[in-house]
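In: After the sequence you'll find the predicted model.
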Amino acid sequence: MGDRFKGRSAVVTGGGGGIGRATALAFATEGANVLVADYGSSRGGEGSDASPAEKVVYEIKANGGNAVAHFANVADFKAAEGIIDSCVKNFGRIDILVNLAGILRERMMWNMTEDEWDAVIAVHLKGTFNCSRRAAALMREQRYGRIVNVTSEAWRGTIGQSNYCAAKGGIVSFTRAIAKELGKYGVTANAIAPLAGTRMTVTPEVIASATKQYEMGVVSKEFYETSINMPGPEYVAPLFLYLASDKAANINGKIFHITRGKVAIYHEPVEQFTIYKTDAGGMWTLEDLEKYVPSSLLVGYVNPAPPEPPKEKK
């Protein structure tokens, strides 16, 4: 057992399995009090089960740590508030919030149902807001806190997961926004896009989809091999601890990526190229844009999904 987080109290949502479990165990190993929050639903968000969170708490206590389980759905505003309040009730305060709860419902956009869209947005994006809102109010008062949100490489766009991509892209922007709001109160907010093998990322369906995309030439061989041979969650947990530590007190509003043997930080979203209109009062014409956008703004651009030629009728 270490003591880097001795006296600190952490909430880990989605803590009953995968990256959440690995992170909860890691925090406890370093002396933190840990509230393991998990609704225990299926990969697609169906059903509920208290045992995943309880099992992780049992593991922590068996190793000499201090933890409690909490059974609640982060997509429910009041229930999420209860998660944070339970941490305060059990441990006296909340210092760290890790938003890891998530579900997946893959479907091509034109086949996606309203429920499939709403469910994924509710758990990932709204759930991150729900927990962060209550935690931020308390952290602001005590002028100390660490919020670590979970995004995904999918925030840059992937196939068959437009709901998930939208939620994770929203988490990136949300993290950057609250970092600016909370920084002056001694509270930081950062996000991590982890790559690890869990029930969310490595399933027969995922492997089949990755294989099909590779065979179609939609993804590279490197991407395909990475998708089906992901490292375990233990490889990504250390970055959650680092960003929650006092050593990272000056890191705020940043988006990281981590997997086995690799840590990266995303480029800041800044304007890449610019063209100016100095005559006609700065009013662009359609002819101007047709001429200058391809020749100046999009030099070297390649359409990531060009239209396929029409299939010949048999």
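Out: The structure has been received and is ready for your questions. Numbers count the residues shown, from 1 in each chain.
In: where do the strands sit along the stretch 151-300 of the chain?
Out: Ranges of strands in the stretch 151-300 of the chain, per DSSP state E, counting those that start in this stretch, are 187-194, 255-259, 262-265.
In: Deepest-packed of those, please.
Out: Mean neighbours per residue, mean count of other Cβ atoms under 10 Å, is largest over the strands of the stretch 151-300 of the chain for strand 187-194, with a mean of 25. Bear in mind the C-beta positions are built from the backbone N, C-alpha and C, glycine included.
In: quick one: Gly145 from Leu35, how far?
Out: 14 Å (Cβ to Cβ, to the nearest Å).
In: Which of the two has more residues huddled nearby?
Out: Neighbour count, other Cβ atoms under 10 Å: between Gly145 and Leu35, Leu35 has more, with 29 against 24.
In: which strands and helices sit next to the host helix or strand of the more buried one?
Out: Here Leu35, judged by DSSP states H and E, is contained in strand 33-37. With contacts defined as 3 or more Cβ pairs under 8 Å, 6 or more residues apart in numbering; DSSP states H and E, strand 33-37 has these neighbours: strand 9-13, helix 18-29, helix 51-62, strand 66-70, helix 77-91.
In: just these: most buried one?
Out: Among the helices and strands packed on strand 33-37, the stretch with the highest mean neighbour count (mean count of other Cβ under 10 Å) is strand 9-13, at a mean of 29.
In: List the contacts of that strand.
Out: Contacts to strand 9-13, defined as Cβ atoms under 8 Å, 6 or more residues apart in numbering, come from residues 20, 23-24, 27, 32-38, 74, 83-84, 87-88, 91-101, 127, 131, 135, 244.
In: shaky segments in the stretch 101-250 of the chain?
Out: Scanning the stretch 101-250 of the chain for pLDDT under 70 picks out the ranges 197-206, 209, 218, 223, 228, 230-231.
In: Can you report how many residues neighbour the residue nearest to Met108 when sequence neighbours are not counted?
Out: Nearest residue to Met108, sequence neighbours excluded (Cβ to Cβ, 6 or more residues apart in numbering): Gly160, at 5.6 Å. Using other Cβ under 10 Å, Gly160 is surrounded by 16 other residues.
In: isn't Gly160 right next to Arg105, touching?
Out: No: Gly160 is beyond contact range of Arg105, at 10.1 Å (criterion: Cβ atoms under 8 Å).
In: where exactly do the helices run in the chain?
Out: All helices of the chain, identified by DSSP state H, fall at 18-29, 51-62, 77-91, 114-121, 127-142, 162-182, 204-216, 221-228, 237-244, 286-292.
In: since we're on the spatially closest residue to Gly82 that is not a sequence neighbour, how many residues are nearby?
Out: For Gly82, ignoring the flanking residues on the chain, the nearest one in space by Cβ to Cβ, 6+ apart is Ala72 at 5.8 Å. Neighbourhood size, Ala72 [other Cβ under 10 Å]: 21.
In: residues in contact with Ala72?
Out: Ala37, Tyr39, Ala79, Ala80, Gly82, Ile83 are the contacts of Ala72 under Cβ under 8 Å, 6+ apart.
In: so what's the last one up against?
Out: Each residue near Ile83 by Cβ under 8 Å, 6+ apart is listed here: Val11, Thr13, Leu35, Ala37, His70, Ala72, Val74, Cys131, Arg134.
In: And the pLDDT at it?
Out: Per-residue confidence (pLDDT) for Ile83: 98.
In: So for the residue nearest to it when sequence neighbours are not counted, what pLDDT did the model give?
Out: Leaving aside its chain neighbours, Ile83 sits nearest to Ala37 (4.7 Å; criterion: Cβ to Cβ, 6+ apart). Looking at Ala37, its pLDDT is 96.
In: So Ala37 sits against Val74, correct?
Out: Yes: the pair Ala37 / Val74 is scored as a contact, 7.4 Å apart, by Cβ under 8 Å.
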